[in-house]
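Trainee: Quick one, structure for this:
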Amino acid sequence: MDTCNAALRFGSRVALGEETTVSPAAEATLQSMLRGNEEFRTHSRNLASLSAAIRHKTAHEGQHPYAVVVCCADSRVPAEHIFTAGIGDLFVIRNAGNLMTPAALGSVEYAVAHLHVPLVLVMGHRGCGAVAAAMMDHLELGALGDLIDQVADNIVHASSPRQAEFKNMRASLAELGRSEVLRKVAAEGRVGFAGAIYDLSSGRVEPALEDV
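Mentor: Residues are numbered from 1 along each chain as shown. Next up, the predicted model:
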């Protein structure tokens, strides 16, 4: 079983509670994104087309992204660059800690149900500050404290930062299953789910294949 197929099977187990038939469109999309990531790692720059013509075309004809990426707001995690993507390619949802908040989940539903995006990728990253704060029982007031508390709930019993980052990503992936909209589209074979961890130093996206 290749990496993309295994990652999508893992994603369906976590998000839906069961393995589903892997969507060919989701598998092809994930393969393409990982190839784009390899280009980013090799060239350290975004080789995607970012022309004025594309900007005008998408402005007047609408967007047709091929994937949703839920990732951290950390400035070192630029999703479009990481996957060598251009204007209109990715529907990116970012917040500190890559949490599946109600707003994030609603945004995923919009992309899947109305833009017909075939893949939802939840991507955590190494060296996540929100995870580090949650591991240290770091006290913060206000909305930031609420955010860290949510991360802390996600990483209970984590034995290392690496495991905590994985558990936090996995928890956000699991939240997708609360959506009846996403479950319905998944049951029709029109969307796949996957998780990944991005390494800030190497630039590599590591698809989640099994629990850490």
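Trainee: Let's see the pLDDT reported for M1.
Mentor: At M1, the model reports a pLDDT of 51.
Trainee: isn't G145 right next to A133, touching?
Mentor: No. At 9.7 Å, G145 does not count as touching A133 under the criterion of Cβ atoms under 8 Å. Where C-beta positions appear, they are placed from N, C-alpha and C, glycine not excepted.
Trainee: okay, these two: which has more neighbours?
Mentor: More neighbours surround A133 than the other of G145 and A133, with 20 against 13 (other Cβ atoms under 10 Å).
Trainee: Could you give the separation of the helix or strand where the more buried one lies from the chain centroid?
Mentor: Using DSSP states H and E, A133 sits in helix 129-135. Centroid displacement of helix 129-135 relative to its chain, using Cα atoms, centre = their mean, to the nearest Å, is 19 Å.
Trainee: and what of stretch 79-89?
Mentor: 13 Å.
Trainee: what does stretch 88-99 give?
Mentor: That offset, for stretch 88-99, works out to 7 Å (Cα atoms, centre = their mean).
Trainee: mind checking the end-to-end distance for that stretch?
Mentor: Start-to-end span of stretch 88-99 (Cα to Cα, to the nearest Å) is 23 Å.
Trainee: same question for that stretch, mean pLDDT?
Mentor: On average, stretch 88-99 scores 97.
Trainee: residue contacts, L182?
Mentor: Each residue near L182 by Cβ atoms under 8 Å, 6 or more residues apart in numbering is listed here: 15, 108-109, 112, 120, 176, 191.
Trainee: Present those as TSV; the columns should include neighbour count and distance to A53.
Mentor: Listed next are the contacts of L182 as TSV, based on neighbours: other Cβ atoms under 10 Å; distance: Cβ to Cβ, whole Å:
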residue	neighbour count	distance to A53
A15	28	37
V108	25	29
E109	18	31
V112	25	28
V120	28	29
L176	27	35
V191	28	30
